[in-house]
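*Asks:* Take a look and give me a structure for this.
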Amino acid sequence: QVQLLESGGGLVQAGDSLRLSCVASGRIIGGDPMAWFRQAPGKEREFVAGISYDGVTGDAGSLKGRFTISRDNGKNSLFLEMNSLEPEDTAVYYCAARRGGSFRVVYIRDYDYAIWGQGTQVTVSS
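*Replies:* Next comes the predicted model:
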């Protein structure tokens, strides 16, 4: 059974950077589509960034290019580099994965993913 474990969250100030990591354990196929979502207090979970099985990436347009998703298939790891953090970025960040995907498709709906981590808290103070 696959498990995802996020790390790297914390309390930072506006303008700072953070790098989130997600390590998959168990039977995960290198290259399966993965993504980061986040959920702020009182809000619905929302897509942050995703990567297709063949390495195509996409992110939420509202992020204005501040976040970058990447992966290391050899280490079963997914990363999210977050720059110029804003208080509005405060949320619990979740790593998600799915089995298989289509060529060059980045899945952006939470129901597209069946495997989820427990989340890591990111708090940005003003």
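
*Asks:* CA atoms for contacts and neighbours, from now on please.
*Replies:* OK.

*Asks:* Tell me where the protein has helices.
*Replies:* Shown for the chain, no helices are assigned by DSSP state H.

*Asks:* Which pLDDT value belongs to the residue most central in space within the chain?
*Replies:* The centre of the chain sits closest to residue 36, judged by Cα atoms, centre = their mean, with a distance of 1.9 Å. On pLDDT, residue 36 comes in at 98.

*Asks:* you'd agree residue 99 is up against residue 32?
*Replies:* Yes. The pair residue 99 / residue 32 is scored as a contact, 5.7 Å apart, by Cα atoms under 8 Å.

*Asks:* Looking at those two, which is more packed in?
*Replies:* residue 32 (18 against 15; other Cα atoms under 10 Å).

*Asks:* can you list the weak-confidence ranges in the chain?
*Replies:* 27-30 (pLDDT under 70).

*Asks:* circling back: nearest residue to the residue nearest to the centre of the chain in space, please, no chain neighbours.
*Replies:* Nearest residue to residue 36 in three dimensions, chain neighbours excluded: residue 95, at 4.8 Å (Cα to Cα, 6 or more residues apart in numbering).

*Asks:* repeat for residue 63
*Replies:* Residue 63 sits nearest to residue 48 (Cα to Cα, 6+ apart), 7.9 Å away.

*Asks:* Pull the number of nearby residues for the one you found.
*Replies:* 24.

*Asks:* Going forward, the N-terminal residue is numbered 407.
*Replies:* Okay, residue one is now 407; in that scheme the one you just asked about reads as residue 454.

*Asks:* That concludes my questions; thank you for your assistance.
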